[in-house]
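Trainee: Got a predicted structure plus its sequence, pasted below:
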Amino acid sequence: MTKHTHAFQAEVKQILHLVTHSLYSNKEIFLRELVSNASDACDKLRFEALDNAALYEDAPNLEVRIRFDEDAKTLTISDNGIGMSAEEAAAHLGTIAKSGTREFMAKLEGDQKKDAQLIGQFGVGFYSGFIVADRITVETRRAGLPASEGVRWSSEGTGEYDIETITKAGRGTDVILHLREGEEEFLKTWRVKSTVSKYSDHISLPILMRKETWDADNAKQVVTDEWEPINKASALWTRSKSEITPEQYEEFYKQISYDTEAPLAYTHNRVEGRSEYTQLLYIPKKAPFDLWNRDKRGGVKLYVKRVFIMDDAESLMPVYLRFVKGVIDSADLPLNVSRELLQESRDVKAIREGSTKRVLGMLESLANSEDAAEKQTYADFWKDFGQVLKEGIGEDHQNQERLAKLFRFASTQADEGVSLADYLGRMKEGQEAIYYITADSLSAAKHSPQLEIFRKKGIEVLLLVDRVDEWMLSHLYEFEGKPLQSVAKGSVDLGKLQDEEEKKKVKEAAEQFKPLLERLKTTLAERAKDVRVTTRLVDSPACIVVEEGDVSGHLARLLKQAGQ
Ligand code: ADP
Ligand code: MG
């Protein structure tokens, strides 16, 4: 076949224009895209070879090679994957077949800023090579076709491309980038190496480059003939659970978290269905120093088909789980998705919900374990992370109940570890509410006169002394049908817990002390809304309470401290 010239489909022209003009500030992504295509091509070969092992020819080791030629100013990315026939090259590199792309292109307005945002919604792929190249030559041969049926595709990335037949001994594809003036940085080993390790470290094939050595005579680095892998190719999360040892899970955790200790727990799953992704999530043992910074980005890395997309993708985890570390690898998202787009993506929403459930599940299985060591693990977790988890009650309405079950408190019965379920189990006959008091410290809470009547009657009261508790209480009103009620607010109606005798006494006392109450009310008019007789005290003569629905005394103090 002689050389044939073809015109690009109109949409391709549009995309080419956009990609080269609006993605320049992030030009190195072309390597990510081309390496990802090479890796996809190897995956496809592996898949087809399941039925036809002959496709491997004499090269069963799938790999990607990157080389450059300083004189010719070319950078070449080669793979020995599936390759393309002439028809395939024309179809895949000359038109856009992906569903939705036409509609997408129709939305482009020619406004560069808006369009650049839109373009993040789908993959830019092969055409991103034109960001740094003024000509791309693709030499390819489909696995299974004879060497004489190789194809050379070539284009300057403007209106058209050429296709001709060549002889190509090895199967697979070479993508040769003729670098534009000024892009010589991609003719340096370190530049290519660092870009590949940034985005493609976990591609599961070896990515090879020629080794460099120091030439002492001429005092410079020289490229040798020897190939060496430049990626780790580990992608632990893509292997099946049964093939991974606990030590490997631990090692990977340390690698991604920079933690020196082993993690507290981890979960590893492949999720299929509406959204397809793999998650490997870890809970650290100790809280990081910046746990309290709510602006801190999450510790979850986002990958798309083993290609690194971004660190700390905060939309993948709710803020109250910001201590979780790990990797999420999506099969659906485009490679060049931006943070802004992540926030709107329905796939991401599904991932966040699924991952949140997994993390809560991990915590539940520790918290509810019969095993003493696991129970202790949960207690330790709670000490470090409990306050952050409490933020979730207002943030994540969907999981409110699951969260409330995970909470642990101090009470008049135990200094720590009291769950709401424990509390319900110990409620007195006829008790209608879960009672609590808030205070600055455990000892202040314990010595509060407002607890006297509860002590006397043997009713348990939760002692809430964390800063976040007031906020938690503004979202958590009840647990399993029992309201949470402050012992320091309103009149505290003990309802059925108070016998008729006591109620009568209060009435009598109110009559008897009427003159005193009146005098106190007048004297304290500026400072107290009301003065009344109470049954909540046993030994103390008086205590201060706030009106039901008002800011509690404790919160008032906190707000004052915060200067409000
Ligand atoms: P995507 O990878 O999202 O499909 P690209 O623009 O990156 O989009 O690539 C377009 C198509 O070109 C691929 O789907 C594939 O069919 C073909 N292609 C690109 N690079 C290669 C390669 N190295 N080997 C075989 N086919 C390739
Ligand atoms: Mg691609």
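Mentor: That came in fine, so what should we check first? Ligands and ions are numbered 1, 2, ... in the order given.
Trainee: ok, the residue nearest to Leu462 when sequence neighbours are not counted - contacts?
Mentor: Nearest residue to Leu462 in three dimensions, chain neighbours excluded: Tyr436, at 3.9 Å (C-beta to C-beta, 6 or more residues apart in numbering). Glycine gets a C-beta too; all of them are placed from N, C-alpha and C. Neighbour list for Tyr436: Phe409, Val461, Leu462, Leu463, Leu464, Leu473, Leu484, Gln485, Ser486, Val487 [criterion: C-beta atoms under 8 Å, 6 or more residues apart in numbering].
Trainee: Just to be sure, Tyr436 is in a strand?
Mentor: Yes: assigned with DSSP: H, G, I helix; E, B strand; the rest coil, Tyr436 falls within a strand.
Trainee: What separation is there between it and ligand 1?
Mentor: 55 Å (C-beta to the nearest ligand atom, to the nearest Å).
Trainee: Which strand residues bridge that residue?
Mentor: On the basis of DSSP bridges, Tyr436 is bridged to Leu462, Ser486.
Trainee: three-state assignment of the residue nearest to Lys428 when sequence neighbours are not counted?
Mentor: Closest residue to Lys428 apart from its sequence neighbours, by C-beta to C-beta, 6+ apart: Ile459 at 5.6 Å. Secondary structure for Ile459, judged by three-state DSSP, is coil.
Trainee: Please verify my assumption that Ile459 contacts Tyr435.
Mentor: Yes: with contact defined as C-beta atoms under 8 Å, Ile459 and Tyr435 form a contacting pair (6.4 Å).
Trainee: who's more crowded, the two?
Mentor: Tyr435 (24 against 19; other C-beta atoms under 10 Å).
Trainee: how close does the more buried one sit to Tyr477?
Mentor: Counting by C-beta to C-beta, to the nearest Å, the separation of Tyr435 from Tyr477 is 14 Å.
Trainee: Check Gly144 too.
Mentor: Going from Gly144 to Tyr477 by C-beta to C-beta gives 67 Å.
Trainee: Can you name the residues of the chain that neighbour ligand 1?
Mentor: Neighbours of ligand 1 within the chain, by C-beta under 6 Å from any ligand atom: 33, 37-38, 40-41, 79, 81-84, 92-93, 123, 125-126, 173.
Trainee: Select, from those, the two members most distant in space.
Mentor: Gly83 and Gly123 (20.3 Å; C-beta to C-beta).
Trainee: Same drill for the two, tell me which one is more crowded.
Mentor: Comparing Gly83 with Gly123 by other C-beta under 10 Å, the one with more neighbours is Gly83, at 28 against 20.
Trainee: list the contacts for Glu164?
Mentor: Going by C-beta under 8 Å, 6+ apart, the list of residues near Glu164 reads Met1, Thr2, Lys3, His4, Val151, Arg152.
Trainee: And Tyr249, by the same measure?
Mentor: Contacts of Tyr249 (C-beta under 8 Å, 6+ apart): Leu236, Pro263, Tyr266, His268, Leu280.
Trainee: That one: what secondary structure?
Mentor: Assignment for Tyr249 (three-state DSSP): helix.
Trainee: Nearest to ligand 2 within the stretch 151-300 of the chain, name that residue for me.
Mentor: Val175 (11.2 Å; C-beta to the ion).
Trainee: how many other residues sit next to that residue?
Mentor: For Val175, using other C-beta under 10 Å, the count is 25.
Trainee: Unless I misread the structure, it falls within a strand.
Mentor: Yes: under three-state DSSP, Val175 falls within a strand.
Trainee: Please work out which residue of the stretch 401-550 of the chain is closest to ligand 1.
Mentor: Nearest residue of the stretch 401-550 of the chain to ligand 1 (C-beta to the nearest ligand atom) works out as Arg402 at 37.9 Å.
Trainee: Name the residues of this structure found near ligand 2, please.
Mentor: By C-beta under 5 Å from the ion, the residues of the chain that approach ligand 2 are Asn37, Gly125.
Trainee: The same query, at a cut-off of 8 Å, please.
Mentor: Counting by C-beta under 8 Å from the ion, the residues of the chain close to ligand 2 are Glu33, Leu34, Ser36, Asn37, Asp40, Gly123, Gly125, Phe126, Leu335.
Trainee: Please identify which of those is nearest to Glu181.
Mentor: The closest of those, once distances to Glu181 are taken by C-beta to C-beta, is Leu34, at 20.5 Å.
Trainee: Any idea how many residues pack against that closest one?
Mentor: 25.
Trainee: which helices and strands does the helix or strand encompassing it pack with?
Mentor: Using DSSP states H and E, Leu34 sits in helix 29-49. Helices and strands touching helix 29-49, as assessed by 3 or more C-beta pairs under 8 Å, 6 or more residues apart in numbering; DSSP states H and E, comprise strand 64-69, strand 74-79, strand 172-179, helix 189-199, strand 307-310.
Trainee: switch to 7 Å and redo it
Mentor: Where contact means 3 or more C-beta pairs under 7 Å, 6 or more residues apart in numbering; DSSP states H and E, helix 29-49 is packed against strand 64-69, strand 74-79, strand 172-179, helix 189-199.
Trainee: So for Gly144 and Tyr477, which residue has more residues nearby?
Mentor: Taking other C-beta under 10 Å, Gly144 and Tyr477 do not tie; Gly144 has more neighbours (17 against 9).
Trainee: contacting residues for the residue lying closest to the more buried one once chain neighbours are set aside?
Mentor: Nearest in space to Gly144, with sequence neighbours left out and distances taken as C-beta to C-beta, 6+ apart, is Leu55 at 5.5 Å. Contact analysis of Leu55 by C-beta atoms under 7 Å, 6 or more residues apart in numbering lists Leu45, Glu48, Ala49, Ala143, Gly144.
Trainee: Ok, Leu335 next?
Mentor: Neighbours of Leu335 in contact, by C-beta under 7 Å, 6+ apart: Arg32, Glu33, Ser36, Gly123, Val304, Val307, Ile309.
Trainee: Return the item of these having minimum pLDDT.
Mentor: Among these, Gly123 has the lowest pLDDT, at 59.
Trainee: buried ones in stretch 87-100?
Mentor: Ala89, Ala90, His92, Leu93, Gly94, Ile96 (16 or more other C-beta atoms under 10 Å).
Trainee: same question, stretch 204-217
Mentor: Ser204, Leu205, Pro206, Ile207, Leu208, Met209, Arg210, Glu212.
Trainee: Between which two of these is the distance greatest?
Mentor: Going by C-beta to C-beta, the pair spanning the buried residues of stretch 204-217 furthest: Ser204 and Glu212, at 25.0 Å.
Trainee: circling back: so the residue of the stretch 151-300 of the chain closest to ligand 2 sits right up against Ser36, yeah?
Mentor: No: in this structure, Val175 is not within contact of Ser36 by C-beta atoms under 7 Å, at 11.8 Å.
Trainee: Could I get the contacting residues of the residue of the stretch 451-564 of the chain found nearest ligand 2?
Mentor: Evaluated by C-beta to the ion, the stretch 451-564 of the chain has His475 as its residue closest to ligand 2, separated by 44.6 Å. By C-beta under 7 Å, 6+ apart, the contact set of His475 is Ile393, Gly394.
Trainee: quick one: it from Val461, how far?
Mentor: 20 Å.
Trainee: just Ala59 next, same as before
Mentor: Noted for Ala59: a distance of 74 Å to Val461, by C-beta to C-beta.
Trainee: So for these two, which residue has more residues nearby?
Mentor: More crowded of Ala59 and Val461, by other C-beta under 10 Å: Val461, with 24 against 12.
Trainee: Hmm, the more buried one is touching Tyr435, no?
Mentor: Yes: applying C-beta under 7 Å as the test, Val461 and Tyr435 come out as touching, 4.6 Å apart.
Trainee: Just give me the neighbour total for the nearest residue to Ser234 once chain neighbours are set aside.
Mentor: Of all residues not flanking Ser234 in the chain, His202 sits nearest, at 6.1 Å (C-beta to C-beta, 6+ apart). By other C-beta under 10 Å, the residues close to His202 number 21.
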